[in-house]
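Trainee: return a 3D structure for these sequence lines:
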Amino acid sequence: MVADAEAHLDHHEEHPPEPYYSSRISPSILGMYLFIGSEIMLFGAFFTAYFFIRVVNGVTWPSLLSNVPASYPLHLPVYMAAINTCILVTSSFTMHWALSSVKRGNVFGLRAGLLLTFLMGLTFLITQVTEYLRIGFNTSDGAFPTIFFCLTGLHGCHVFVGLTILLFMTVRAFRGHFSPEHHHGVEIGGIYWHFVDLMWILVFATVYII
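Mentor: As a prediction, this is how the structure comes out:
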């Protein structure tokens, strides 16, 4: 009997029981949603600073729709940012294509979707850096440049993190690590990338348009 008990214990040590989930959503995806929730609060703090500076303090804000005096030295490259926005939004569709493909077992669609998403995200980030180099003002020029660089720079950091995730996902995809049964890595990375895209739409509309 003792030998049977020891064998039973050894069996459980080699093969631990499957974890029990009280929800239909997997812990990894739930963890990503919770992480995104914390990032939304971080962005919310910067948006609060933006509206405080602009509305409460009444700082003159250069934008596409506002009547900015011709002598005002700060000008935003709205049309370049709009093209960049289209690139980033399109990358959400290629990311969705990659996820849909892996669920159907379409290896080509998975690899092509991830590669296109990475290239478009990289194009967005390079364009943003180029915009910084040519924009003609810096944080020492007042409250507007400070919050501009803080808000857009924060988003740029998130794009960089997303590109790092996409790079690992793409390498894994080309190594055949994903399948219709095991695609959580693509799904979790896709959730983060969609969040980055959605947040940029809010940043673009707030900073460049309104």
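
Trainee: pLDDT score assigned to His15?
Mentor: His15 is assigned 60 on the pLDDT scale.

Trainee: equivalent analysis for Pro62, please.
Mentor: For Pro62, the predicted pLDDT is 60.

Trainee: how far away is Phe174 from Ile165?
Mentor: With distances taken as CB to CB, to the nearest Å, Phe174 is found 15 Å from Ile165. Heads up, the C-betas are built off the backbone N, CA and C, glycines and all.

Trainee: more neighbours: the two, which one.
Mentor: Taking neighbours as other CB atoms under 10 Å, Phe174 and Ile165 compare with Ile165 leading, 18 against 13.

Trainee: now the longest helix belonging to the chain: buried residues?
Mentor: Longest helix in the chain, counting residues (DSSP state H): helix 143-174. By neighbour count on 16 or more other CB atoms under 10 Å, the buried set for helix 143-174 is 143-145, 147-149, 151-152, 154-156, 158-159, 162-163, 165-166, 169-170, 173.

Trainee: also stretch 110-125?
Mentor: 110-122, 124-125.

Trainee: then stretch 79-89?
Mentor: Met80, Ala81, Asn84, Thr85, Leu88, Val89.

Trainee: quick one: which of these is nearest Met199?
Mentor: Leu88 (10.0 Å; CB to CB).

Trainee: quick check: that closest one touching Phe195?
Mentor: No: the criterion here is CB atoms under 8 Å, and Leu88 misses it with Phe195 at 11.9 Å.

Trainee: where are the low-confidence patches of the chain?
Mentor: Within the chain, the segments meeting pLDDT under 70 span 1-23, 57-74.

Trainee: tell me how many other residues crowd Ser179.
Mentor: Count around Ser179 with other CB under 10 Å applied: 12.

Trainee: repeat for the one 5 residues further on
Mentor: Using other CB under 10 Å, His184 has 13 other residues around it.

Trainee: go on, the one 10 residues further on?
Mentor: If you count neighbours by other CB under 10 Å, His194 ends up with 17.

Trainee: and if you look at the one 5 residues further on?
Mentor: The burial metric for Met199, expressed as a neighbour count using other CB under 10 Å, is 19.

Trainee: between the helix or strand that contains it and helix 143-174, how many degrees?
Mentor: Met199 belongs to helix 184-203 when assigned by DSSP states H and E. Comparing the axes of helix 184-203 and helix 143-174 via axes from the mean of the first three to the mean of the last three CA atoms, to 10 degrees yields an angle of 160 degrees.

Trainee: which elements pack onto helix 184-203?
Mentor: helix 27-51, helix 78-104, helix 107-134, helix 143-174 (3 or more CB pairs under 8 Å, 6 or more residues apart in numbering; DSSP states H and E).

Trainee: could you redo the last one with a cut-off of 7 Å?
Mentor: helix 27-51, helix 78-104, helix 143-174 (3 or more CB pairs under 7 Å, 6 or more residues apart in numbering; DSSP states H and E).
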